[in-house]
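In: Need a 3D model of the sequence below.
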Amino acid sequence: MNSISLTNEQHYLLFLDEIKSEIRRARIRVASSANRELIQLYWRLGRMITEKQEELGWGKSVVEQLSKDLQKVFEGKSGYSTQNLWYMRQFYREYQHDTNLQQLVGEIPWGQNLTIMSKVKDRDARHYYMKATIEMGWSRTVLVHQIESQAYGRHQVADKQHNFQKALPEHLAEQADEAMKNVYMLNMLGVEKPMLEAELEARMVSRIKDVMLELGYGFAFIGNQYRIVANGNEYFIDLLFSNRRLNALVAFELKVGRFKPEYAGKMNFYLNLLDDYVREPSENPSIGIILCKERDHFEVEYALRGIEKPVGVSGYLLTRDLPPELRNKLPDPKLLEDEIRKEMGDIETPDKIK
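Out: Got it, this is the predicted structure:
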């Protein structure tokens, strides 16, 4: 009798988990639907304001009057402030001819839309931040941090060093290249001075959520000093992740100094162990990323030649100071001062709009 009761209780707990999951999924769908409706409304209002101004030659005063009248009818709704109506107008004008970005703006909250519209002017960069916000659920604070740390530039501008094209099937090589950054920003660790590799690893583990945000979409942390026993010996990988998009294990080895060619051979060895002793039959080949404080591109290129397993070599920064090779490729913030403001109120004010 007790065993039957226990079995029923287990079935009930599983059933309860299913019900809770279904409710959570429904709430997410409702929230997403509500957000899309709000963004579509703001888009339509922005279009209507633009068209009436063009048709009748109305100036900025009509927006101010419209805001007053709307707030009388919809009391307490800050969404119809004068400033927000101007944002709607600019929102429509910014994206009215870009159908691809139009599909993305409805998937992210209004605050994140305003942040991207204000702080990012390059079309491809906007696409990157919108997609990342959708896929990783970036809050407005996280989004601002990613923009200010030049996440798009570090991801796209610099040449990445890896052998993915030779070691992986074409479609997987492209995805692996997309998942890897040339330089990882680790300023969230709160250190600027040199440290031992063990301390760097410990700090990354203690801030693993922030680290995974920096790594990008799809990463799940498995463990640090991941132990593999093979042929009576123990081997330890600094940090081991899985990646949902790649459907693969991703091993990170941390080096606080300059890249050495022998690091590539050691990572190749670790990846062989992962594939033979850890990887599931349904998973793709394991991928390795060597994180180094400094690296010579010539040495990395030659070290990766002949390596059979997919290995990449990336740098990392402990502060927001960009390396020299990126400084000349990314926009100078001072030159963009008129376009990118710290305050959201500087997106496009009525004085600037004829």
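In: Surely Tyr184 and Lys293 touch.
Out: No. Tyr184 is beyond contact range of Lys293, at 11.2 Å (criterion: CB atoms under 8 Å). Using the backbone N, CA and C atoms, a C-beta is placed for each residue, glycine as well.
In: what residues do those two have in common as contacts?
Out: Residues touching both Tyr184 and Lys293 comprise 315-316, with contact defined as CB atoms under 8 Å, 6 or more residues apart in numbering.
In: ok, those two, which is more surrounded?
Out: Tyr184 (20 against 16; other CB atoms under 10 Å).
In: phi, psi of the more buried one?
Out: The phi/psi pair for Tyr184 (degrees, to the nearest 10) reads phi -100, psi 130.
In: Give me the pLDDT value at it.
Out: We have a pLDDT of 88 for Tyr184.
In: And it, how far from His127?
Out: 21 Å (CB to CB, to the nearest Å).
In: Can you tell me the SS state at His155?
Out: Classification of His155 using DSSP: H, G, I helix; E, B strand; the rest coil returns helix.
In: which residues sit in contact with the nearest residue in space to it that is not next to it in sequence?
Out: Excluding its sequence neighbours, the residue lying closest to His155 (CB to CB, 6 or more residues apart in numbering) is Lys181, at 5.2 Å. For Lys181, the contact set (CB under 8 Å, 6+ apart) comprises 154-155, 160, 215-216, 314.
In: want to throw those residues into JSON lines with pLDDT?
Out: Below are the contacts of Lys181 laid out as JSON lines (pLDDT from 0 to 100):
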{"residue": "Arg154", "pLDDT": "74"}
{"residue": "His155", "pLDDT": "72"}
{"residue": "Lys160", "pLDDT": "87"}
{"residue": "Leu215", "pLDDT": "90"}
{"residue": "Gly216", "pLDDT": "84"}
{"residue": "Ser314", "pLDDT": "93"}
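In: Make JSON lines out of the residues you listed and add distance to Leu13 and neighbour count.
Out: As requested, the contacts of Lys181 are arranged in JSON lines below (distance: CB to CB, whole Å; neighbours: other CB atoms under 10 Å):
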{"residue": "Arg154", "distance to Leu13": "45", "neighbour count": "23"}
{"residue": "His155", "distance to Leu13": "43", "neighbour count": "20"}
{"residue": "Lys160", "distance to Leu13": "47", "neighbour count": "17"}
{"residue": "Leu215", "distance to Leu13": "34", "neighbour count": "22"}
{"residue": "Gly216", "distance to Leu13": "35", "neighbour count": "19"}
{"residue": "Ser314", "distance to Leu13": "44", "neighbour count": "22"}
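In: ok, back up a step: how about the residue nearest to His155, phi and psi?
Out: With angles defined as degrees, to the nearest 10, Lys181 sits at phi -110, psi 150.
In: What of the one 5 residues further on?
Out: Dihedral angles of Leu186 (phi, psi; degrees, to the nearest 10) stand at phi -110, psi 30.
In: would you list every one of the helices in the stretch 51-200 of the chain?
Out: Shown for the stretch 51-200 of the chain, the helices assigned by DSSP state H, counting those that start in this stretch span residues 61-73, 82-95, 99-105, 110-119, 123-136, 140-148, 151-156, 164-167, 170-179, 197-206.
In: out of those helices, nearest to Glu283?
Out: Of all the helices of the stretch 51-200 of the chain, helix 170-179 sits nearest to Glu283, with 11.3 Å by CB to CB.
In: Spit out the contact partners of the closest residue to Gln40 other than its chain neighbours.
Out: Closest residue to Gln40 apart from its sequence neighbours, by CB to CB, 6+ apart: Gly106 at 6.3 Å. Going by CB under 8 Å, 6+ apart, Gly106 touches 35-36, 39-40.
In: Tell me how far Gly106 lies from Tyr95.
Out: With CB to CB as the criterion, Gly106 and Tyr95 are 11 Å apart.
In: now do Tyr226
Out: 45 Å.
In: and what of Glu22?
Out: Taking CB to CB, one finds Glu22 at 35 Å from Tyr95.
In: wait, what's in contact with the nearest residue to Ile108 once chain neighbours are set aside?
Out: Spatially, and ignoring its direct neighbours in sequence, Ile108 is nearest to Thr133 (4.8 Å; CB to CB, 6+ apart). Residues in contact with Thr133 (CB under 8 Å, 6+ apart) are 108, 112, 116, 143.
In: what stretches of this protein score poorly on pLDDT?
Out: 1-7, 76-78, 156-158, 192-194, 319-354 (pLDDT under 70).
In: Show me how it divides into domains.
Out: Domain assignment for the chain by automatic domain parsing gives 7-153, 160-327.
In: how far does the longest one sit from the chain's center?
Out: Centroid separation between domain 160-327 and its chain, computed with CA atoms, centre = their mean, to the nearest Å, is 17 Å.
In: Please tell me I have it right and Arg203 contacts Val191.
Out: Yes. Between Arg203 and Val191 there is a contact under CB under 8 Å: 6.7 Å.
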